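Peer 1: I need the structure of the sequence given here:
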Amino acid sequence: MSYQHKDIQGQAINLTAGKVLCIGQNYQDHIAEMNSKTAPDALFFIKPSTALVDIHQPFSIPEQLGAVHNETELAVLIKAPLSKAAPEHVLDAVWGYGLALDLTLRDQQKKLKELGRPWEIAKGFDGACPVSGFIAAAELGDVQQLQFSLTVNRELRQQGDTRMMIRSVTQIISEMSQFFTLLPGDIVLTGTPAGVGPLYSGDQLELTLADKLRIKTSVR
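Peer 2: So this is what the prediction gives:
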């Protein structure tokens, strides 16, 4: 079944699903847990549109390819083109916000990093981006004052606060737009806090975004 952007009521949004632009290492606690170093330049990567699936439905993971880790992130839906945009112009191009899982083939990523190779297959495989319905920007308030969480089998695994981002939402998207033109229907993922870990078939997940969004789903 093909993916379609939806609002939190489940109504289709009239935007064609596009690419998913992501930033790595945007929360200091996640950098620490991965034994990585803070870099001066942003780490950007892209997932194809075929990575998108509806998180409100049970989703599958390719366990045969090794460990599949959760990375819970604030997702931003773009409604207008952005190219070489200044930070102050970014929010005019945002439709709204939701949550996404940046699913990661951690064993594959580790192996590719050790070889000095790109690691798109660890991030861009089919189904690698389960995403929620989107809340219209006007209904959410200050995007840099949001808390979000992931619970797995009733145990809190990730708790994020957008105030703790190294780069703000507008900074991320402005910097991305210096290299990639963002088009209507594209999604931007804004980084994950600490608490990444493996998912397994049968896991029960609950994700929350402030008091606006609560999702219960599962891994098939």
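Peer 1: what's in contact with the helix or strand bottoming out on mean pLDDT in the chain?
Peer 2: Every helix and strand of the chain was ranked by mean pLDDT, DSSP states H and E. The lowest is helix 28-33, at a mean of 85. By Cβ atoms under 8 Å, 6 or more residues apart in numbering, the list of residues contacting helix 28-33 from outside reads 25, 37-38, 164, 166, 191-196. Bear in mind the C-beta positions are built from the backbone N, C-alpha and C, glycine included.
Peer 1: among the residues you listed, who's most crowded?
Peer 2: Within the contacts of helix 28-33, neighbour counts (other Cβ atoms under 10 Å) peak at T192, which reaches 29 neighbours.
Peer 1: tell me the contacts of the spatially closest residue to that residue that is not a sequence neighbour?
Peer 2: Spatially, and ignoring its direct neighbours in sequence, T192 is nearest to E71 (3.8 Å; Cβ to Cβ, 6 or more residues apart in numbering). For E71, the contacting residues are 101-104, 192, 196, by Cβ under 8 Å, 6+ apart.
Peer 1: from the contacts of helix 28-33, which land in helices?
Peer 2: Taking DSSP state H as the definition of helices, these contribute nothing to them.
Peer 1: on that earlier part again, and the pLDDT at the residue nearest to T192?
Peer 2: Looking at E71, its pLDDT is 98.
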